[in-house]
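A.B. asks: compute the structure for the input listed below.
(one chain, ligands or ions: 1)
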Amino acid sequence: MVMSVLWNFIFPPPASVVVWGTTVISFVMLANAFLSEIRGKHLNYSKFWNANPTGQRQIKLSSKAGMLLLYTPAFLAAFASFFIFPHHGLRFTLLQSAVTLHFFKRVFEVLFIHKYSGGMLLESAIPITLSYFLSAATTIYAQHLTNGLPEPPINLLNPGIVLFVVGIIGNFYHHYLLSKLRGEGEKEYKIPKGGLFGLVICPHYLFEIIVFYGIAFISQTLYAFTFAVGTTFYLLGRSNSTRKWYLSKFEDFPNNVKAVIPFN
Ligand SMILES: NC(=O)c1ccc[n+]([C@@H]2O[C@H](COP(=O)([O-])OP(=O)(O)OC[C@H]3O[C@@H](n4cnc5c(N)ncnc54)[C@H](OP(=O)(O)O)[C@@H]3O)[C@@H](O)[C@H]2O)c1
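C.D. replies: Below is the predicted model:
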C-alpha cells in the first residue's frame, strides 16, 4: 500500500549496489548523529566544538578551515558532474545546478559571511565531509541512472524548484542575521533577533530542511528523499541541543522560542 503510493512520486529505484549501499549508509550516519545529539554527545563544531572532551589529544582545526573541508569536496563533485554527465535533460540539469549552488553558497558563506569564534575537531570533520561528498555524488548519480526511465506519474519538479529557492534564500538571510550579531574580531554569543528568530532558534536549519526537500522533489529518487528525511532527523536533534544551550546560557532567553518547528 505505502509502496504503491510511493511509486506515484519516485522513479523506480535502480538495481545498483552502490546507490542502495550509499542510501543505507547515509541514512544510518544521519540517524546515528540524531541519536547522539539527543543523548548529549555532539558533533564538535560551532557552539559544541569543545563539548564532551575525551581527555585524549585531538586535532583541532579553525572553524573556517574545518567548514571549507566539509563543503569543498561536495561542491567539486557536483560541479564536476556537469562534465561527467552532460545533456541529460531539464530535470537532471536543474538537480545538478541545485546541488552545486547549495554547496557553492556554503563555501561562499564560510569565506565571506560567517564570523566564527571557535574551532572544529578533525574527528567530527571527517564523517561530515564524507557524508556531504557521498550525498552530493549519489544524489546526482542516482538521477543519472533514471535516464531513459518513464517519469513518475506525479511530477514534483515545479514545487521542488519553489521549495529550493525559498529554502536557499531563507537559509542565507538567517546566516546574514547571525553574522550581524558580531563586530569584526568579536567572539561573544548573543540572542539572535529578526527574521524567524522570534519563533525558532534555528530558522537557518528550518530553511536547510526545506532546501533538501526541494532537491528531493526536483530529483524524485528514493535516495534524495531518504537523505532529506535523514537530514531532517539530524537537524531536529541539533536544534534541540542548541535550544537547551541557549536556555542554559541566557537567563532572558524567551521560553516560547522553539527549536526548529514554529508553534509546536
Ligand atoms: N545538512 C546537514 O546535515 C547540516 C548539518 C549541520 C548544519 N547544516 C547547515 O549548515 C549551516 C551552518 O550550521 P551551523 O550548525 O554551523 O550553524 P550555527 O552553529 O548556527 O553557526 C552559524 C554561524 O553563526 C554564528 N553564530 C551562531 N549563533 C550565534 C550567536 N548566538 N551569536 C553570534 N554568532 C552566532 C556561528 O559562530 P560560531 O562558529 O562561533 O558558533 C557561525 O559563524 C546551517 O544552515 C545548517 O542548516 C546542515
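
A.B. asks: close to the ligand: what parts of the protein are there?
C.D. replies: Residues of the chain lying near the ligand by CB under 6 Å from any ligand atom: 46-47, 63, 114-118, 171, 178, 181-182, 189-190, 192, 204-205, 208, 231, 234. Yep, even glycine has a C-beta here, placed from its N, CA and C like the rest.

A.B. asks: buried set for the lengthiest helix in the chain?
C.D. replies: Assignment by DSSP state H gives helix 222-249 as the longest helix of the chain. By neighbour count on 16 or more other CB atoms under 10 Å, the buried set for helix 222-249 is 222-243, 245-246.

A.B. asks: go on, stretch 179-199?
C.D. replies: Counting neighbours by 16+ other CB under 10 Å, one finds that the buried residues in stretch 179-199 are 182, 192, 195-197.

A.B. asks: ok, now stretch 38-56?
C.D. replies: Here stretch 38-56 shows 42-49 as buried, counting by 16+ other CB under 10 Å.

A.B. asks: one step back: can you flag which of the residues of the chain next to the ligand belong to helices?
C.D. replies: 63, 171, 178, 204-205, 208, 231, 234.

A.B. asks: and those residues, which two are the farthest apart?
C.D. replies: Greatest spatial distance among those (CB to CB): Ser63 and Thr231, at 20.9 Å.

A.B. asks: for the host helix or strand of Thr93, the distance to its chain's centre please.
C.D. replies: If you go by DSSP states H and E, Thr93 is part of helix 90-112. How far helix 90-112 lies from its chain's middle: 12 Å, per CA atoms, centre = their mean, to the nearest Å.

A.B. asks: export it as PDB, just CAs?
C.D. replies: Output of helix 90-112 as PDB, limited to C-alpha atoms (Å, rounded to 0.1, in the frame of the first residue of the first chain):
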ATOM      1  CA  LEU A  90      15.900  19.600 -17.800                       C
ATOM      2  CA  ARG A  91      15.300  17.700 -14.500                       C
ATOM      3  CA  PHE A  92      18.900  16.400 -14.400                       C
ATOM      4  CA  THR A  93      20.400  19.900 -15.200                       C
ATOM      5  CA  LEU A  94      18.200  21.500 -12.500                       C
ATOM      6  CA  LEU A  95      19.200  18.900 -10.000                       C
ATOM      7  CA  GLN A  96      23.000  19.300 -10.800                       C
ATOM      8  CA  SER A  97      22.500  23.100 -10.600                       C
ATOM      9  CA  ALA A  98      20.700  22.900  -7.200                       C
ATOM     10  CA  VAL A  99      23.300  20.700  -5.600                       C
ATOM     11  CA  THR A 100      26.200  22.700  -7.000                       C
ATOM     12  CA  LEU A 101      24.600  26.000  -6.000                       C
ATOM     13  CA  HIS A 102      23.800  24.700  -2.500                       C
ATOM     14  CA  PHE A 103      27.500  23.800  -1.800                       C
ATOM     15  CA  PHE A 104      28.900  26.800  -3.600                       C
ATOM     16  CA  LYS A 105      26.800  29.000  -1.400                       C
ATOM     17  CA  ARG A 106      28.200  27.200   1.700                       C
ATOM     18  CA  VAL A 107      31.800  27.800   0.600                       C
ATOM     19  CA  PHE A 108      30.900  31.500  -0.200                       C
ATOM     20  CA  GLU A 109      29.400  32.000   3.200                       C
ATOM     21  CA  VAL A 110      32.300  30.400   5.000                       C
ATOM     22  CA  LEU A 111      34.700  32.800   3.200                       C
ATOM     23  CA  PHE A 112      32.600  36.000   3.200                       C
END
